[in-house]
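Asker: whatever this is, show me its structure:
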Amino acid sequence: MTKEPEITPVGLKRMSDGQMVDAELWDGITDKNLADWEAKWTPELLRLLEALHDKGIERALWPQSRHWDWRAKTQAIEKRLDEQCFSIVCDNLTQAMMITELTKRARLESQRNEHLVYVSFVEAAPWNRRDILGKPPDYSGCGSILIRAAIEFSKLEGFKGRIGLHSLPQSNDFYANKVGMTDLGADEDYDNLRYFEMTPEQAEEFAKEGS
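Answerer: Residues are numbered from 1 along each chain as shown. Below is the predicted model of the structure:
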């Protein structure tokens with residue numbers, strides 16, 4: 001049984017009418033979140049993948065996170081103290097989840113070997129994925145909220161907002177242009193995914209944009 005999470009009020013934009021709606025940022029991934037993933041996310045993702053197949057979209061353009069097993073991921077880190085999970089809940093449904101860890105060091109020359117929060121996995125619910133929907137998501141803002149959560153976690157740990165992550169190809173533009181992270185290029189030791197880092201200064205700039 002997972003512990004009760006601490007809850008922070010946040011807001012998401014409901015794209016059907018453009019209204020901001022109340023949501024919650026949880027500092028954990030709970031049994032409820034995993035039940036939503038199994039009962040809601042997985043069937044919807046399968047339906048969307050079938051639609052991509054029927055449209056003749058090549059598999060290279062399908063979401064690379066489609067094979068992720070969130071229950072297995074959370075079980076693998078259950079007793080580790082250097083991992084922290086987050087989730088977003090709105091309308092009593094899990095809208096996004098993230099796992100972070102504290103074991104990595106910065107690669108940017110100006111920050112080299114400094115501690116940072118590394119974002120291991122982050123994913124929005126299928127109905128919030130513009131890249132596979134081909135239309136506006138149900139809710140917008142999940143990615144930015146989770147990045148801000150990682151930044152705040154970094155500050156709490158004394159890392160001054162430094163974060164790092166490897167980006168799936170569909171998210172490169174988001175991290176480079178929306179979030180404003182530094183692109184350190186493809187990492188040949190990590191499936192050639194592009195590696196991004198955020199400095200304390202970039203973290204402050206991103207925080208200002210959301211205030």
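Asker: only C-alpha atoms for contact and neighbour calcs from this point on.
Answerer: Noted.
Asker: now the helices for the chain?
Answerer: 31-36, 42-54, 70-76, 130-133, 142-156, 172-173, 200-210 (DSSP state H).
Asker: return the most buried member of these.
Answerer: helix 142-156 (a mean of 21; mean count of other Cα atoms under 10 Å).
Asker: which strands or helices does that helix pack on?
Answerer: Applying 3 or more Cα pairs under 8 Å, 6 or more residues apart in numbering; DSSP states H and E, we find helix 142-156 packed against strand 83-90, strand 93-101, strand 117-124, strand 163-167.
Asker: adding mean neighbour count, mean pLDDT and distance to Leu156 as columns, could you present these in CSV?
Answerer: As requested, the helices and strands packed on helix 142-156 are exported to CSV (neighbours: other Cα atoms under 10 Å; pLDDT from 0 to 100; distance: least, Cα to Cα, whole Å):
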stretch, mean neighbour count, mean pLDDT, distance to Leu156
strand 83-90, 23, 97, 12
strand 93-101, 23, 98, 13
strand 117-124, 22, 97, 10
strand 163-167, 25, 98, 12
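Asker: looking at the helices of the chain, which has the lowest confidence?
Answerer: With a mean of 75, helix 130-133 has the lowest mean pLDDT of the helices of the chain.
Asker: for that one, name the packing helices and strands.
Answerer: Using 3+ Cα pairs under 8 Å, 6+ apart: helix 130-133 touches helix 42-54.
Asker: ok, back up a step: quick one: closest of the helices of the chain to Gln95.
Answerer: Nearest to Gln95, of all these, is helix 142-156, at 7.3 Å by Cα to Cα.
Asker: which residues does that closest one contact?
Answerer: With Cα atoms under 8 Å, 6 or more residues apart in numbering as the test, helix 142-156 has contacts from 10, 12, 86-88, 95-98, 100, 116-117, 119, 124, 160-163, 179, 203, 207.
Asker: please consider this matter closed, and thank you.
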